[in-house]
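Asks: here is the input, now give the coordinates:
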Amino acid sequence: MVERVATRPDRPWLALAFLAALSASAWQVQAALPLNHDVGWLLLGARRLLDAGRLSADRFVDVTPPLILGLYALPVAASRAIGVSEIGALRIFVIGLAAGSLGLCQLASSRLFTGEPSALVRTWLVIVASLLLPLVGYDFGQREHLITLLLLPYLVDAAARARAEGPPRSVAVWTRAAAGLAIGMKPQYALVVLVVEGTVWRARRRWQAVVSPELGVLAGTVALSAAWTAWLAPDYLRVTLPLVWETYGAYHSPLRELVRWFDLPLAGALILVAGLLPRGGALRDLARTLVAAAAAAYAAYLAAGTDWDYHRYPFGVFAIATLALPLLRPLSRGPVVAVLVIAVTSASLFIAPLEIRTTRRAGQEWPGWSQGAATADILRVVEGRGRGGSIFLFSSSVAPAFPAVNYAGVEWASRFSCLWLLPAVIRARAQPEGAIPEARHQRLDAVGRYLVAAVTDDLARAQPELVFVPRGQQHQAFGGIGFDFLAFFELDPRFAKLWSGYVQLEDTPLFRVYVLRQP
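Replies: So this is what the prediction gives:
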């Protein structure tokens with residue numbers, strides 16, 4: 001029997017007030033943090049997409065499937081239409097997407113929590129909103145952040161289907177379409193859908209609970225996303241994916257580094273929570289779905305092979321959303337939520353910046369960020385020149401060129417976010433003879449020649465006014481091998497001729513800065 005408890009009168013305005021407070025808090029947190037480096041690069045890619053209509057391999061080459069650029073193009077287009085900064089428009093877009101995700105969760109839960117006080121689900125959504133808005137921190141707007149926003153309504157939909165009848169078809173169509181977009185952005189998250197649908201079938205033992213017209217909507221969205229990607233970036237399959245296959249392993253981490261010390265205890269806690277919730281209750285069905293999704297998201301993180309924290313974000317949100325379920329009844333009874341709403345709203349609205357045209361605070365250097373000093377170094381030089389144009393940085397990491405390019409309002413003089421093709425080439429050349437098959441050596445040498453030619457072509461076309469060269473020789477993904485970018489590129493006659501048009505401008509603590517000779 002489902003437990004029923006006496007609660008205070010339902011006050012839906014509290015949840016709306018809390019969402020407003022969390023949105024204001026998210027804005028304030030993002031004003032204090034640097035723009036995520038990957039987000040900065042993808043905003044530039046979206047800008048190039050809007051300018052060109054399509055992206056060829058001489059304009060944009062990136063590991064991520066290009067569907068994400070279509071989403072980022074929305075805030076970029078809005079910034080042009082209404083005259084706000086791209087960063088401000090992005091914040092509005094992501095906060096709006098979070099509100100839409102939470103609203104869909106509310107609608108999808110209508111049949112999941114039948115017979116339960118509505119304050120129960122609203123309390124859970126308030127907790128989830130905290131994870132999606134202010135607590136996401138530096139990864140605000142990252143691909144995994146958006147993927148989590150798109151998957152959450154689908155998970156509530158699946159929990160409702162596992163319990164009894166799913167949400168109304170008009171709602172289910174939107175939840176499945178959102179999940180299809182998430183898979184289109186990063187196909188490994190199809191594993192979440194496969195595992196969760198398996199959980200639904202196991203609970204109901206009826207294929208009708210899984211196979212439905214709404215599932216066709218999900219599959220159709222994935223297919224349309226793939227077709228749109230092929231049209232949007234026709235060289236992605238032909239050029240980019242083979243490059244990724246050959247070189248991106250240099251950024252991968254061994255399994256022992258991917259698995260954190262707390263992952264196993266956390267998995268045990270999730271299983272315990274799902275098992276201890278009352279049988280036959282909505283919270284148990286929701287917990288079972290979220291645990292399945294967390295396990296699948298964790299597998300997707302391991303499949304990606306890199307230990308970057310943002311790849312763990314969907315797993316983290318699904319896990320914490322599960323652990324919060326036993327707390328919902330106590331929290332929904334008393335004035336705890338109301339007091340918290342008033343406190344957070346007052347504090348957030350008082351300190352949150354209201355000027356969405358400002359991209360960063362004057363003199364801001366983000367001392368707690370590992371790339372803060374390097375980003376500030378680039379900004380000081382670029383802003384000191386007092387002009388636009390384009391810049392380039394020899395680097396194997398996206399930061400600090402991004403978000404420096406976004407904050408300085410200059411163009412980036414390359415099709416690559418960074419020289420991510422290079423570490424695999426250099427590491428292969430450092431191996432003892434015979435350690436790597438000759439055929440792979442030849443393929444990586446071809447990749448090296450392609451990279452040098454592409455960078456030379458990009459610099460010749462864009463003619464960046466400023467070029468930054470790191471003073472150190474230890475760089476990301478080179479495996480501890482000391483490397484001099486200029487010495488490597490100047491071995492190519494075409495690049496050497498182009499580089500003769502630059503003279504050194506100054507030394508900063510982290511970079512040697514070169515400037516284009518004036519005619």
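
Asks: please make it C-alpha for all contacts and neighbour counts, starting now.
Replies: Noted.

Asks: got the domain boundaries for this protein?
Replies: With domains defined by automatic domain parsing, the chain comprises 18-55+64-240+335-349, 372-516.

Asks: where does the stretch 1-150 of the chain have low pLDDT?
Replies: Scanning the stretch 1-150 of the chain for pLDDT under 70 picks out 1-15.

Asks: please, where are all the helices along it?
Replies: Ranges of helices within the stretch 1-150 of the chain are 12-32, 37-52, 67-82, 86-108, 118-132, 143-163, based on DSSP state H, counting those that start in this stretch.

Asks: next, format those helices as TSV and append distance to residue 240 and mean neighbour count.
Replies: What follows is these, written out as TSV (distance: least, C-alpha to C-alpha, whole Å; neighbours: other C-alpha atoms under 10 Å):
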stretch	distance to residue 240	mean neighbour count
helix 12-32	32	21
helix 37-52	15	21
helix 67-82	14	18
helix 86-108	27	21
helix 118-132	31	21
helix 143-163	19	25
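
Asks: of all these, which lies closest to residue 464?
Replies: Among the helices of the stretch 1-150 of the chain, the nearest to residue 464 by C-alpha to C-alpha is helix 37-52 (16.0 Å).

Asks: so what touches that closest one?
Replies: Applying C-alpha atoms under 8 Å, 6 or more residues apart in numbering, the set of residues contacting helix 37-52 from outside is 55, 59-60, 68-70, 72-73, 76-77, 86, 141-142, 398-403, 405-406, 417.

Asks: okay, the helices of the stretch 1-150 of the chain in JSON lines with distance to residue 230 next?
Replies: Listed next are these as JSON lines, based on distance: least, C-alpha to C-alpha, whole Å:
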{"stretch": "helix 12-32", "distance to residue 230": "34"}
{"stretch": "helix 37-52", "distance to residue 230": "14"}
{"stretch": "helix 67-82", "distance to residue 230": "9"}
{"stretch": "helix 86-108", "distance to residue 230": "25"}
{"stretch": "helix 118-132", "distance to residue 230": "31"}
{"stretch": "helix 143-163", "distance to residue 230": "19"}
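
Asks: for residue 431, find the nearest of these.
Replies: Shortest separation from residue 431 across the helices of the stretch 1-150 of the chain is recorded for helix 37-52, at 30.8 Å, computed as C-alpha to C-alpha.

Asks: contact partners for residue 271?
Replies: By C-alpha under 8 Å, 6+ apart, residue 271 lies in contact with residue 291.

Asks: that one: which element?
Replies: Per DSSP states H and E: residue 271 is located in helix 263-276.

Asks: quick one: the helix or strand following that helix to helix 143-163, angle?
Replies: Remark: after helix 263-276, the chain's next helix or strand is helix 282-304, criterion DSSP H and E. Here helix 282-304 runs at 140 degrees with respect to helix 143-163, directions being taken by axes from the mean of the first three to the mean of the last three C-alpha atoms, to 10 degrees.

Asks: tell me, how many residues neighbour residue 469?
Replies: Counted with other C-alpha atoms under 10 Å, the burial measure for residue 469 works out to 18 neighbours.

Asks: pretty sure it contacts residue 391?
Replies: No. With contacts defined as C-alpha atoms under 8 Å, residue 469 does not count as touching residue 391, sitting 11.3 Å away.

Asks: tell me which of the domains of the chain sits nearest to residue 272.
Replies: Among these, domain 18-55+64-240+335-349 comes nearest to residue 272, with 17.2 Å by C-alpha to C-alpha.

Asks: which regions of the stretch 151-300 of the chain lie under the pLDDT threshold?
Replies: For the stretch 151-300 of the chain, no stretch is flagged by pLDDT under 70.

Asks: now name the helix or strand holding residue 403.
Replies: Going by DSSP H and E, residue 403 is in helix 401-408.

Asks: just the C-alpha atoms of that helix, please, in PDB.
Replies: Coordinates of the C-alpha atoms in helix 401-408 are reproduced here as PDB (Å, rounded to 0.1, in the frame of the first residue of the first chain):
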ATOM      1  CA  ALA A 401      42.800  30.500 -25.900                       C
ATOM      2  CA  PHE A 402      39.100  30.000 -25.000                       C
ATOM      3  CA  PRO A 403      37.500  31.800 -23.300                       C
ATOM      4  CA  ALA A 404      40.100  34.600 -23.900                       C
ATOM      5  CA  VAL A 405      38.900  34.900 -27.500                       C
ATOM      6  CA  ASN A 406      35.300  35.300 -26.400                       C
ATOM      7  CA  TYR A 407      36.100  37.900 -23.800                       C
ATOM      8  CA  ALA A 408      38.400  39.900 -26.000                       C
END
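
Asks: show me what it is packed up against.
Replies: The criterion is 3 or more C-alpha pairs under 8 Å, 6 or more residues apart in numbering; DSSP states H and E, and the helices and strands that helix 401-408 contacts are helix 37-52, helix 372-385, strand 390-393.

Asks: which helices and strands does the following helix or strand past it pack with?
Replies: On the C-terminal side of helix 401-408, the closest following helix or strand by DSSP H and E is strand 411-412. Strand 411-412 sits against strand 390-393, with contacts defined as 3+ C-alpha pairs under 8 Å, 6+ apart.

Asks: the same query, at a cut-off of 10 Å, please.
Replies: Here strand 411-412 is seen to pack against helix 37-52, strand 390-393, helix 401-408, helix 438-462 when contacts are counted using 3 or more C-alpha pairs under 10 Å, 6 or more residues apart in numbering; DSSP states H and E.

Asks: quick one: residue 47 and residue 66, what's the gap?
Replies: Summarising the geometry, the distance separating residue 47 from residue 66, computed by C-alpha to C-alpha, to the nearest Å, is 13 Å.

Asks: oops, could you answer that again for residue 289 instead?
Replies: Taking C-alpha to C-alpha as the criterion, residue 289 is separated from residue 66 by 30 Å.

Asks: what lies in contact with stretch 494-508?
Replies: The contact list for stretch 494-508, computed with C-alpha atoms under 10 Å, 6 or more residues apart in numbering, reads 374, 377-378, 380-381, 452-453, 455-457, 459-460, 463-471, 486-487, 489-490, 493, 512-519.

Asks: just to revisit the earlier point, for residue 480, which of the helices and strands packed on strand 411-412 is the nearest?
Replies: The closest approach between residue 480 and any of the helices and strands packed on strand 411-412, judged by C-alpha to C-alpha, belongs to helix 438-462 at 19.1 Å.

Asks: so for the closest one, mean pLDDT?
Replies: Averaged across helix 438-462, pLDDT comes to 96.

Asks: and what of stretch 500-512?
Replies: The predicted confidence, averaged over stretch 500-512, sits at 94.

Asks: starting at the chain centroid, how far to it?
Replies: Its chain's C-alpha centre lies 33 Å from the corresponding centre of stretch 500-512 when counted by C-alpha atoms, centre = their mean, to the nearest Å.

Asks: likewise for stretch 455-462?
Replies: 29 Å.

Asks: returning to that earlier point: what comes up buried for the helix holding residue 403?
Replies: For helix 401-408, the buried set under the neighbour-count rule, 16 or more other C-alpha atoms under 10 Å, comprises 401, 402, 403, 404, 405, 406, 407, 408.

Asks: pLDDT and distance to residue 28 for the residues you listed - can I get that in CSV?
Replies: Compiled in CSV, the buried residues of helix 401-408 are given as follows (pLDDT from 0 to 100; distance: C-alpha to C-alpha, whole Å):
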residue, pLDDT, distance to residue 28
401, 94, 24
402, 94, 21
403, 93, 18
404, 93, 20
405, 94, 22
406, 93, 19
407, 91, 17
408, 91, 21
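
Asks: tabulate these (CSV), appending distance to residue 238.
Replies: Rendered in CSV, the data for these read as follows (distance: C-alpha to C-alpha, whole Å):
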residue, distance to residue 238
401, 27
402, 27
403, 29
404, 31
405, 29
406, 29
407, 33
408, 34
